[in-house]
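> based on what follows, work out the 3D shape:
(2 chains)
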Amino acid sequence: MADNNLSFVRTEMLQGQTPPIGERGIVRWIRLNLIATPIDAILTIFAIFLLAWFVPPMINWLFIQASWSGADRAVCSTVAQGGVMPDGWSGACWAYVNANFNQFMYGRYPLDQHWRVNLVGIIFIILLIPLLIPKAPFKVPNAIAFFLVFPFFAFFMLVGGWFGLTYVETATWGGLLVTLVIAFAGIAVSLPLGIVLALGRRSKLPVIKMLCVIFIEMVRGIPLVTVLFMASYMLPLFLPPGVSFDKFLRALIGVALFASAYMAEVVRGGLQAIPKGQYEGADPLGLSYWQKTGLIILPQALKMVIPGIVNTFIGLFKDTSLVSIISMFDLLGTVRQHFNDANWASPQTPISGLIFAGFVFWIFCFGMSRYSIFMERRLDTGHKH
Amino acid sequence: MASQDITPVGADSAKVSLLNDPRIRGYIYQAVVLAVIFGVGYWVVNNTIANLQRAHLASGFGFLDGRSGFDISSHPFTNYSSDSTYITALYVGFLNTLLVAVAGIITATFLGFIIGVGRLSHNWLIRKLCTVYVEVFRNIPPLLVIFFWYSGVLAILPQARQSIALPFSTYLNNRGFFFPVPVFGEGAWLAGVAFVVALIGTFFVRRWAYKRQMATGQQFPVLWTAAALIIGLPLLAFGLKGFPLTFDRPVLGAFNLSGGSLVGPEFMSLYLALSFYTASFIAEIVRSGIRGVGRGQSEAAHALGLRAGTTTRLVVVPQAMRIIIPPLSSQYLNLTKNSSLAVAVGYPDLFAVGGTILNQTGRSIEVVAIFIIVYLSLSVATSLFMNWFNAKMALVER
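Numbering: from 1, shown residues only, chains lettered A, B, ... in the order given. Reported below is the predicted structural model:
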């Protein structure tokens, strides 16, 4: 071409234009996530109304109107109810939680002995944290210390009567202490017992299989309160006259047996998911039943059901609150016990105490469920479709 | 390896000790376990008999015919008084358990499905709201939720004099929820008959429509026909008799409400707590069930030209139900078992009534045996029903 003045070829790239306002940033996000369709828009408006109706009064009640400190019920009741607050006042009574905080944590555990509970708690945390961090070393000795040594240490420290420690009756224990002790003991007993029951249920020996099936199905078919009732009313009948168990221990046995039946079903799910080749591969190696189970089957099966195990732990943790029905004072029981305290009785007291107890339970259970999700992702070896 | 040690099987099998034969060892293990179980059982029974004799306690179920001597606050289906027998009291308790369990299951299912679907919504706000609901209620003990309603909310409602008036002449106060009861007049039975006729008619219409669709491919609006029949026919019958219906409304008096009917705070707190708690689990089950249906299924349905609603109804839901039903049935069982928490707020369910009887008579073994039998049969009945339902919904493979 002779005349090359008219070039239609651009020599440099054109800068991309910014997208139209509706296709970028916050506007795009709102358009896609809140008002994508007319129904979506209606739902959004509905949700906003719900939040506007619910959230500001809640924040107002929980924080702004709440009374944070005080010595007795006066700070939590209106003038008409014999308090100092103006009529029509309604707010959370955190003063009540504040004043009884020690009770909610330790129950009636002697005040000068609280350091023992604290020490046990600190050692519990020190042993637990490296166990939870996947990269931390010394897993096996750590687990042995946590599940085998620590319970004895905790028992001697909390009960006392040895090494110059004063004896503390379990009847004086209460609050979060009882909740945590029952939950931990339940977990430490139910996991091994559940594994044994699950193996028994898959055993080829008919007698053992039947016994395990009867135990598991029976316990799973009845409510925990019934089990606790049995533990507290019937266990004394079963023992020779004169022999009696601590009430605390009886509740512990009930909770642990109950949880182990559920644990057994979770573990059985894992055992059933192991391909047959794993069993058949172990046999020609000459492994005995226990070697095969301990070295080949269980490590794979347990890894597979970690979410289920943690779910059972969460259920167990929530179920510890039921011991208050057989008049033991766990966190919930202690909080309820103090509703009736003449010093603090006011319309706002029960709901404030329950919200506090619920928050403590929630933190533990939510933490466990988050950890289980984290482990699930970590252990996921990529067999997802 | 020591291959020279291997000798053909059977050559020296006579030399193998009996203890090394897995079959014999299995028998020995089982015999030992049985012996231990029987030994412990014998010991326990012996101790129990000795303890009962020492405490001069009788045993046996004969006491159930005795006069109970206590009142039950709520006995909607039976005539119960303190002169009734223990067995009647237990029966009342059992009915109360069933009542709260069925009411709770219906509400929890409804709520759970809405929230479960909401968690999959495209709408960010709805999704987050549903997530917050699930995460809050899943991680709090049900007993605490019961107390929250009972002593936190319902107990601080105003007294009867200052009852909160709600629509449809219902009232709410610290004694419970008052609502009008319909009183049927002369000739109302015709509406009942019409309702039954409508149900039977719907059944036949559905069968006919299904057959016709199978044969010709033509669809018939079964849903609308059914709705017209079931609502319209009784209404028509009612209209013919001149609407013989009046309401017994609660009336606010000087000190109390009179008339109408009442649901006590015990039932309400238990029912609300069980429904709210279980709904969070059902929501998760529903969510995972719907997510479990492959995306290809709905894409294929869209490609066939099915609309969104039809796709959901005919393609996604039937497949999701297959995943949902087994865990759903165990949630129903959990709710039924959790209804025993009624004892904490004094709602007279089976467990609370049994506990009262236990305290009165000291027959702990018999009462606990009744608990176990009743709850186990409830569990078995529920799981049988759900297994049947599951088999009906299960994949029919060719």
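> within range of chain A, give me the residues from the stretch 151-300 of chain B.
By CB under 8 Å from any CB of the partner chain, the residues of the stretch 151-300 of chain B that approach chain A are B:Ser151, B:Gly152, B:Val153, B:Ala155, B:Ile156. No exception for glycine: its C-beta is placed from N, CA and C like everyone else's.
> in terms of pLDDT, where does A:Val255 sit?
A:Val255 carries a pLDDT value of 92.
> now, of the residues of the stretch 151-300 of chain B next to chain A, which are buried?
Neighbour counting by 16 or more other CB atoms under 10 Å in any protein chain shown classes B:Ser151, B:Gly152, B:Val153, B:Ala155 among those as buried.
> for whichever residue of the stretch 151-300 of chain B sits closest to chain A, helix, strand, or coil?
Nearest residue of the stretch 151-300 of chain B to chain A (CB to the nearest CB) works out as B:Gly152 at 3.5 Å. The local conformation at B:Gly152, judged by DSSP: H, G, I helix; E, B strand; the rest coil, is helix.
> so it makes contact with A:Thr349?
No. Applying CB atoms under 8 Å as the test, B:Gly152 and A:Thr349 come out as separate, 9.5 Å apart.
> enumerate every residue touching residue 331.
All of this is about chain A. A:Leu331 makes contacts with A:Phe104, A:Gly175, A:Leu176, A:Val178, A:Thr179, A:Ser321, A:Ala357, A:Val360, A:Phe361, as judged by CB atoms under 8 Å, 6 or more residues apart in numbering or on different chains.
> nope, chain B please
Applying CB under 8 Å, 6+ apart, the residues contacting B:Gln331 are B:Ala108, B:Thr278, B:Phe281, B:Ile282, B:Ile285.
> skipping adjacent residues, who's closest to the last one in space?
The spatially closest residue to B:Ile285, leaving aside those adjacent along the chain, is B:Pro327, at 4.8 Å (CB to CB, 6 or more residues apart in numbering or on different chains).
> is that neighbour in a helix, a strand, or coil?
Recorded secondary structure, B:Pro327: helix (three-state DSSP).
> so after the helix or strand of chain B with the lowest mean pLDDT, what's the next helix or strand?
Each helix and strand of chain B was given a mean pLDDT (mean pLDDT, DSSP states H and E); the minimum falls on strand B:257-258 at a mean of 68. Later in the chain than strand B:257-258, the nearest helix or strand by DSSP states H and E is strand B:261-263.
> now that following strand: buried residues?
B:Leu262.
> which residues belonging to whatever helix or strand B:Phe204 lives in are considered buried?
Using DSSP H and E, B:Phe204 sits in helix B:189-216. In terms of neighbour count (16+ other CB under 10 Å), helix B:189-216 has its buried residues at B:Ala191, B:Ala194, B:Phe195, B:Ala198, B:Gly201, B:Thr202, B:Ala209.
> sort those by pLDDT and name the bottom one.
In terms of pLDDT, the lowest of these is B:Ala191, showing 78.
> quick one: that residue and B:Leu245, what's the gap?
According to CB to CB, to the nearest Å, B:Ala191 and B:Leu245 sit 9 Å apart.
> shared neighbours of the two, anything?
With CB under 8 Å, 6+ apart, B:Ala191 and B:Leu245 have common neighbours B:Phe238.
> please enumerate the helices of the stretch 101-250 of chain A.
With DSSP state H, counting those that start in this stretch, the ranges of helices along the stretch 101-250 of chain A come out as A:101-106, A:114-132, A:139-144, A:150-159, A:175-201, A:206-221, A:224-229, A:235-238, A:247-273.
> burial check on residue 243, number of neighbours?
Looking at chain A here, since you left the chain open. Around A:Val243 sit 9 other residues, with neighbours defined as other CB atoms under 10 Å in any protein chain shown.
> that was the other one, I meant chain B.
Neighbour tally, B:Phe243, other CB under 10 Å: 13.
> okay if I get the buried residues of helix B:189-216 as a markdown table plus distance to B:Leu306?
Converted to a markdown table, the buried residues of helix B:189-216 look like this (distance: CB to CB, whole Å):
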| residue | distance to B:Leu306 |
| --- | --- |
| B:Ala191 | 39 |
| B:Ala194 | 36 |
| B:Phe195 | 34 |
| B:Ala198 | 30 |
| B:Gly201 | 29 |
| B:Thr202 | 25 |
| B:Ala209 | 19 |
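> so where's the stretch 251-398 of chain B shaky on pLDDT?
The model of the stretch 251-398 of chain B has pLDDT under 70 over residues B:253-260, B:394-398.
> and the strands in the stretch 151-300 of chain B, which stretches?
Assigned by DSSP state E, counting those that start in this stretch, the strands in the stretch 151-300 of chain B fall at B:164-166, B:170-173, B:176-179, B:181-184, B:245-248, B:251-252, B:257-258, B:261-263.
> quick revisit: just give me how far the helix holding B:Phe204 sits from the chain centre.
Centre-to-centre, helix B:189-216 and its host chain are 29 Å apart (CA atoms, centre = their mean, to the nearest Å).
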